[in-house]
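> Provided below are the primary sequence and the corresponding predicted coordinates.
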Amino acid sequence: NFLFAQFPLFWFNMPAILKGWMDRVLVQGFAYDLSKAYDGGLLQDKLSLFSFTTGGGQEMYSKGGIGGDIRYILWPMQHGIMHFCGVKVLEPHICYAPENVSEEKRKEMLTAWTQRLKTLWKEEPIDCSPEWYFK
């Protein structure tokens with residue numbers, strides 16, 4: 001009932017091997033039907049969570065940052081793939097530039113992830129509307 005993906009953000013997207021898996025598994029008739037998409041998609045009873053790391057810091061992926069708002073990057077992955085198939089999408093878990101921060105900060109990232117995993121099933125999905133991504 002849960003599609004969980006942990007990956008490094010690679011060229012502003014998921015790695016090719018993960019995208020290839022999605023291309024092979026999330027096929028028409030199983031994951032979607034053109035007459036049943038988004039809130040009416042075939043995988044309505046599923047939840048998804050993308051947990052990923054970035055190479056750049058959080059400021060790089062802000063609205064005014066050189067990489068643009070991280071939500072713009074998430075639009076095709078969360079909305080265009082998951083929501084299209086009817087999957088409910090949880091807020092992503094993002095660890096910004098773990099290789100460029102202190103050991104203490106990396107431990108804080110792991111602690112935050114551990115805490116989140118304990119309450120994950122209680123979280124409400126995002127609304128997956130353009131307003132969420134482009135506000």
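Received it, and whenever you're ready, just let me know what you need. Owing to the predicted nature of the structure, the values given are computational and were not obtained by experimental measurement.
> Name all residues that make contact with the residue positioned nearest the centre of the chain.
For the chain, residue 50 is the residue whose C-alpha lies nearest the centre (Cα atoms, centre = their mean; 3.2 Å). Shown in contact with residue 50 (Cβ atoms under 8 Å, 6 or more residues apart in numbering): 5, 7, 14, 74, 77-78, 92-93. No exception for glycine: its C-beta is placed from N, CA and C like everyone else's.
> Take the residues you listed and keep only those in strands.
In this view, these that belong to strands under DSSP state E are 5, 7, 93.
> which one of those residues is nearest residue 131?
Minimum distance to residue 131 across the ones in strands among the contacts of residue 50 is 21.5 Å, recorded for residue 93 (Cβ to Cβ).
> where along the protein do the strands fall?
Taking DSSP E, the strands of the chain run over residues 2-8, 47-53, 88-89, 93-95.
> So which of those is the most surrounded?
Scoring those by mean neighbour count under mean count of other Cβ atoms under 10 Å gives strand 88-89 as the most buried, with a mean of 22.
> outside of the helix-or-strand element of the chain with minimal mean pLDDT, which residues touch it?
When the helices and strands of the chain are compared on mean pLDDT, DSSP states H and E, helix 130-134 comes out lowest with a mean of 92. Defining contact as Cβ under 8 Å, 6+ apart, one finds that helix 130-134 is touched by 71-72, 74-75, 79, 126.
> And for stretch 8-27?
Contacts of stretch 8-27 with the rest of the structure, by Cβ under 8 Å, 6+ apart, involve 5, 7, 31-32, 50, 52-55, 67, 73, 76-77, 81, 85.
> Please apply the same query to stretch 85-95.
Here stretch 85-95 has contacts from 3, 26, 31-32, 36-44, 46-54, 70, 74, 78-79, 82-83, 109, 113, 116, 120, 123, 125-126, 128, using Cβ under 8 Å, 6+ apart.
> Now do that stretch: distance to the chain's middle.
The chain centroid and the centroid of stretch 85-95 are separated by 5 Å under Cα atoms, centre = their mean, to the nearest Å.
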